[in-house]
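Colleague: structure for this input, please:
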Amino acid sequence: MAEYWQDLQNQFRLNFIDDDRWQWIVRGLGSTIVITFFALILGVVIGVVIASIRSTYDKNLETYKLRGGIVYPIMRVFNAICNIYLTIVRGTPVVVQLLIAYFIIFASSRNGIMVAVIAFGINSGAYVAEILRGGIMSIDHGQFEAGRSLGFNYLQTMRFIVIPQVFKNVLPSLCNEFITLLKETSIAGYVGIVDLTKAGDLIRGRTFSPFMPLIAVALIYLVIVLILTRLVHRLERRLRSNER
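Modeller: Sure, this is the predicted structure:
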């Protein structure tokens with residue numbers, strides 16, 4: 001047993017203390033958090049826009065047809081663009097999208113983190129959009145009629161009546177998407193970004209000792225996910241208490 005613990009100490013010193021290799025983990029964790037945070041913001045913005053266009057088109061399709069005019073063809077074009085975006089993004093692997101963004105679309109850029117934020121944000125936006133659209137479509141049509149009876153227009157009805165209900169209903173799904181986004185950033189190393197996973201792999205390549213750095217990376221991801229899950233559960237409880 002003493003030899004086992006001594007071996008663990010030697011492995012820890014080799015992988016993290018010697019040559020200050022622990023700093024790679026810290027820098028990698030910082031890159032992972034930055035990419036996830038800004039990709040999350042971008043994904044939510046894109047998701048809200050796409051979900052608003054698609055749900056508005058679906059719920060008001062018959063009204064647009066009856067009224068005629070230019071609104072119907074404009075909404076039809078926007079809805080078609082959204083469907084193309086969703087089909088492409090959800091139908092291709094995120095790693096391929098990242099490689100296309102880095103080596104083709106932004107080939108002249110040397111800011112890998114910015115490219116990763118855009119690529120992951122666009123990818124996440126498609127899934128956030130479908131989550132939000134599903135939540136909006138699940139709201140009973142009577143809620144929209146109640147808003148109109150109060151004198152609200154469509155946007156006011158969405159803001160004050162529908163969106164609060166949608167947020168509560170889709171919160172668990174959004175949490176899962178955010179956690180998925182965090183873990184998906186582990187492929188950022190494909191384009192040379194030293195994120196958390198890449199940092200662990202670099203240490204492994206220098207020390208030829210895979211166990212300690214890779215387990216450390218896995219534990220850090222696990223701790224972050226547990227913290228996020230705990231925060232979301234607290235938010236859910238607060239929302240339920242506000243209902244009472």
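Colleague: which stretches in the protein count as helices?
Modeller: Assigned by DSSP state H, the chain shows helices spanning 2-12, 22-59, 61-67, 71-91, 94-100, 112-138, 141-149, 154-157, 163-184, 196-207, 211-243.
Colleague: tell me which of those helices sits nearest to residue 190.
Modeller: With Cβ to Cβ as the measure, helix 94-100 is the member of these nearest residue 190 (6.1 Å). Any C-beta I mention is one placed from the backbone N, CA and C, and that applies to glycine too.
Colleague: please save the CA atoms from that closest one in CSV.
Modeller: This file holds the C-alpha atoms of helix 94-100, laid out as CSV (Å, rounded to 0.1, in the frame of the first residue of the first chain):
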residue,chain,number,x,y,z
VAL,A,94,-20.2,19.6,-34.8
VAL,A,95,-16.6,18.7,-35.4
VAL,A,96,-17.0,19.0,-39.1
GLN,A,97,-18.7,22.4,-38.6
LEU,A,98,-15.7,23.5,-36.5
LEU,A,99,-13.2,22.4,-39.1
ILE,A,100,-15.1,24.2,-41.9
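Colleague: so which of the helices of the chain gets nearest residue 106?
Modeller: helix 112-138 (4.8 Å).
Colleague: buried residues of that closest one, list them for me.
Modeller: 112-113, 115-133, 135-136 (16 or more other Cβ atoms under 10 Å).
Colleague: do the same with stretch 76-90
Modeller: 78-79, 82, 85-86, 89.
Colleague: can you redo the helices of the chain as TSV with distance to residue 190?
Modeller: Converted to TSV, those look like this (distance: least, Cβ to Cβ, whole Å):
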stretch	distance to residue 190
helix 2-12	28
helix 22-59	13
helix 61-67	41
helix 71-91	18
helix 94-100	6
helix 112-138	10
helix 141-149	45
helix 154-157	41
helix 163-184	11
helix 196-207	9
helix 211-243	16
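Colleague: include distance to residue 106 and mean pLDDT when you put those helices into JSON lines, please.
Modeller: Shown next, in JSON lines, are these (distance: least, Cβ to Cβ, whole Å; pLDDT from 0 to 100):
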{"stretch": "helix 2-12", "distance to residue 106": "39", "mean pLDDT": "81"}
{"stretch": "helix 22-59", "distance to residue 106": "14", "mean pLDDT": "93"}
{"stretch": "helix 61-67", "distance to residue 106": "37", "mean pLDDT": "76"}
{"stretch": "helix 71-91", "distance to residue 106": "17", "mean pLDDT": "92"}
{"stretch": "helix 94-100", "distance to residue 106": "9", "mean pLDDT": "96"}
{"stretch": "helix 112-138", "distance to residue 106": "5", "mean pLDDT": "93"}
{"stretch": "helix 141-149", "distance to residue 106": "41", "mean pLDDT": "76"}
{"stretch": "helix 154-157", "distance to residue 106": "35", "mean pLDDT": "76"}
{"stretch": "helix 163-184", "distance to residue 106": "18", "mean pLDDT": "86"}
{"stretch": "helix 196-207", "distance to residue 106": "19", "mean pLDDT": "92"}
{"stretch": "helix 211-243", "distance to residue 106": "27", "mean pLDDT": "86"}
